[in-house]
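1. All I have is the shape, not the residue letters:
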């Protein structure tokens, strides 16, 4: 469907609109090899945004996937609580960028980098072993994925934020981060010691 819309100078501009059904038909009817990349983009980025917002904008193009996931979920967490991805955005992604490296969107084999899943699985076990009286101070929120799906994820009370920071800085970054990034984003390995530069004893463990 075409429609005449005035631009910022008042000039009439012809704009074409395509609903989701029309986009499906347009995207998936081609048998050309070049269409594969296009259909992957449509299915993985355009359609999820259409379902979420009712429109597609290229304003988010180029924004790292981890940042977009953080942007999509920060306001889903209740006041007085924190999420794993929210804290990792500060303590891993943000600090990695601060020392000169932007975490890759995907691993060499194509899977999306989601260190929050690693931390999300391991932190409760560590908390139970070290602070059992605090292990149940959490609720669940609906975490939005880039494909439009929503999954339950934990939001922890701010009362245990210091324990979470302890786990990230003294356990995960030292014992787990190398193994995580080695398979998924090898270039990040050179920057891990810089995240802990204020703790010389931990740098030795990473070397």
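-> Nice, I can see it. Quick caveat, the model's predicted, so the values are computed rather than measured.

2. Show me the shaky parts of the protein.
-> Low-confidence segments of the chain, defined by pLDDT under 70: 1-39, 41-42, 44-62, 197-207.

3. Spell out, range by range, the helices that occur in it.
-> Remark: helices assigned in the chain by DSSP state H are 20-28, 35-41, 47-53, 65-73, 84-88, 95-98, 115-130, 161-167, 177-184, 192-195, 200-206.

4. what residues does the fifth one touch?
-> The set of residues external to helix 84-88 that reach it, using Cβ atoms under 8 Å, 6 or more residues apart in numbering, is 66, 69-70, 73-74, 77, 115-116, 119-120, 123, 143, 153-154, 156, 161, 164-165, 168. Using the backbone N, CA and C atoms, a C-beta is placed for each residue, glycine as well.

5. Now restrict those residues to buried residues only.
-> With burial judged by 16 or more other Cβ atoms under 10 Å, the buried subset of the contacts of helix 84-88 is 66, 69-70, 73, 77, 115-116, 119-120, 123, 143, 153-154, 156, 164, 168.

6. among these, which two are most distant?
-> Greatest spatial distance in the buried ones among the contacts of helix 84-88: 66 and 156, 19.4 Å, computed using Cβ to Cβ.

7. how does the chain divide up, domain by domain?
-> Using automatic domain parsing, the domain parsing of the chain gives 2-60, 65-206.

8. buried residues in stretch 76-89?
-> 77, 81-89.

9. Kindly report the same for stretch 170-189.
-> 171-174, 176-177, 180-181, 184-185, 188.

10. Can you pull the phi and psi angles for the nearest residue to residue 158 once chain neighbours are set aside?
-> Excluding its sequence neighbours, the residue lying closest to residue 158 (Cβ to Cβ, 6 or more residues apart in numbering) is residue 80, at 5.6 Å. Dihedral angles of residue 80 (phi, psi; degrees, to the nearest 10) stand at phi 90, psi 0.
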